[in-house]
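Visitor: Any chance you can model this:
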Amino acid sequence: MRTLNRRQFIALTGASLVASVAKGEQLMTTKTQLIHTAYFWLKNSDSVADRDQLIAGLQTLRQVPAVKALHIGLPATTEKRDVVDNSFQVSELMMFDDLAGQSEYQAHPIHQAFVKNCSHLWSKVSVKDSITV
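Guide: Numbers count the residues shown, from 1 in each chain. Below is the predicted model of the structure:
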């Protein structure tokens with residue numbers, strides 16, 4: 001068996017990924033995959049402590065088995081355009097295998113604890129869910 005060094009591995013996997021994308025192959029596994037995005041506006045929008053507490057709470061959601069991927073973010077300083085809304089303080093994006101996984105997440109005790117422990121931090125949350133096509 002041939003051993004690849006790091007540079008060879010990256011080149012090989014990168015070429016494979018580019019070839020897959022060029023052929024129009026989906027990188028996700030199922031068409032029923034659900035993407036869950038949430039944007040949080042803090043009551044104290046300038047509070048780094050509140051922001052960090054919310055981020056720590058969001059990190060706990062990685063432990064929910066139905067959560068296949070989790071990205072937590074802060075607003076990017078991209079160009080100002082009418083369609084860009086970066087007025088939120090924290091965002092999260094989750095991936096689930098399907099709608100059932102998202103429903104399982106909603107009822108999971110870790111998610112329920114997150115809401116109980118962190119909901120006092122935000123004045124508004126906006127959720128957008130979508131299914132892969």
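
Visitor: OK, contacts around L58?
Guide: Residues in contact with L58 (C-beta atoms under 8 Å, 6 or more residues apart in numbering) are L70, I72, V90, E92, F114, C118. Backbone N, C-alpha and C define where each C-beta goes, glycine included.

Visitor: same question, Y39
Guide: Shown in contact with Y39 (C-beta under 8 Å, 6+ apart): F88, V90, S91, V125, S126.

Visitor: List only buried entries from the residues you listed.
Guide: F88, V90, S91 (16 or more other C-beta atoms under 10 Å).

Visitor: The first one contacts W41, correct?
Guide: It refers to F88. Yes. Counting by C-beta atoms under 8 Å, F88 touches W41, with 5.4 Å between them.

Visitor: Stretch 88-97: which residues count as buried?
Guide: Those would be F88, Q89, V90, S91, E92, M94, M95, F96, D97, for stretch 88-97 by 16+ other C-beta under 10 Å.

Visitor: Widest-spaced pair of those?
Guide: Greatest spacing in the buried residues of stretch 88-97, by C-beta to C-beta: Q89 and D97 (29.2 Å).

Visitor: Mind pulling the model confidence for L17?
Guide: L17 is assigned a pLDDT of 45 by the prediction.

Visitor: pLDDT on stretch 116-132, on average?
Guide: 96.

Visitor: now do the same end-to-end measure for that stretch.
Guide: End-to-end distance for stretch 116-132: 30 Å, by C-alpha to C-alpha, to the nearest Å.
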